[in-house]
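Novice: one predicted model, sequence on top.
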Amino acid sequence: MLLVYDGECGFCIRSARWIEARLPAEARVEPWQSLDLAKLELSQPGVQAAVWWVDDRGSRPRRCRGANAIGRALVAAGGGWGIAGRLIIHPPLCWLARPIYALIAANRHRLPGPGSELRRPNGQGANHVDVREAQSEAVARAARERSEQERE
């Protein structure tokens, strides 16, 4: 069992850490950037757009994405989370979970997570950290504050 997420998205990283702490030991949680996508039969546009759950138990691996992947991961976590996962992947709640997931995925760069104060979307919709820009902003902010203090 494998949950594949965007390792450049702070909200995704935070969410992946949360579910990883609840999954059984045999389940893995990995950023797509560190995986051989071809071996998993996943595409880069696919993993950039949504989280994926790959269940390699059985003769053929099962793959699902988005809200369904979240639901399957919660089922694997078991207990109360498993119940929540089953509700997410079956009607009528799946009818709500899918558009809610799509809304969150489309706006994930705006949501809090590790490094979110430095993150901004690039032209392709992926998220990245621009350290030089953040440092320049911090230097400019410090200079403005010094200037204001000198005026007082």
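Specialist: All right, it came through fine. Numbers count the residues shown, from 1 in each chain.

Novice: in contact with residue 41, which residues?
Specialist: Under the criterion of CB atoms under 8 Å, 6 or more residues apart in numbering, the contact partners of residue 41 comprise 61, 63. Where C-beta positions appear, they are placed from N, C-alpha and C, glycine not excepted.

Novice: what about it, distance to residue 4?
Specialist: Using CB to CB, to the nearest Å, we find residue 41 at a distance of 11 Å from residue 4.

Novice: could you pull out the strands for this protein?
Specialist: Using DSSP state E, the strands assigned to the chain run over residues 2-5, 28-31, 52-55, 62-65, 119-121, 127-129.

Novice: possible to save the ones you listed as JSON lines with mean neighbour count, distance to residue 95 and mean pLDDT?
Specialist: Compiled in JSON lines, the strands of the chain are given as follows (neighbours: other CB atoms under 10 Å; distance: least, CB to CB, whole Å; pLDDT from 0 to 100):
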{"stretch": "strand 2-5", "mean neighbour count": "23", "distance to residue 95": "23", "mean pLDDT": "96"}
{"stretch": "strand 28-31", "mean neighbour count": "16", "distance to residue 95": "27", "mean pLDDT": "96"}
{"stretch": "strand 52-55", "mean neighbour count": "21", "distance to residue 95": "19", "mean pLDDT": "96"}
{"stretch": "strand 62-65", "mean neighbour count": "17", "distance to residue 95": "16", "mean pLDDT": "95"}
{"stretch": "strand 119-121", "mean neighbour count": "16", "distance to residue 95": "28", "mean pLDDT": "43"}
{"stretch": "strand 127-129", "mean neighbour count": "17", "distance to residue 95": "28", "mean pLDDT": "40"}
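
Novice: okay, the ones you listed in JSON lines with distance to residue 19 next?
Specialist: What follows is the strands of the chain, written out as JSON lines (distance: least, CB to CB, whole Å):
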{"stretch": "strand 2-5", "distance to residue 19": "6"}
{"stretch": "strand 28-31", "distance to residue 19": "7"}
{"stretch": "strand 52-55", "distance to residue 19": "10"}
{"stretch": "strand 62-65", "distance to residue 19": "15"}
{"stretch": "strand 119-121", "distance to residue 19": "21"}
{"stretch": "strand 127-129", "distance to residue 19": "19"}
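
Novice: closest one to residue 108 among these?
Specialist: Evaluated with CB to CB, those place strand 127-129 nearest to residue 108, the distance being 7.3 Å.

Novice: where does the prediction get shaky in the protein?
Specialist: Across the chain, residues meeting the criterion (pLDDT under 70) sit at 115-152.

Novice: many thanks, I have nothing further to ask.
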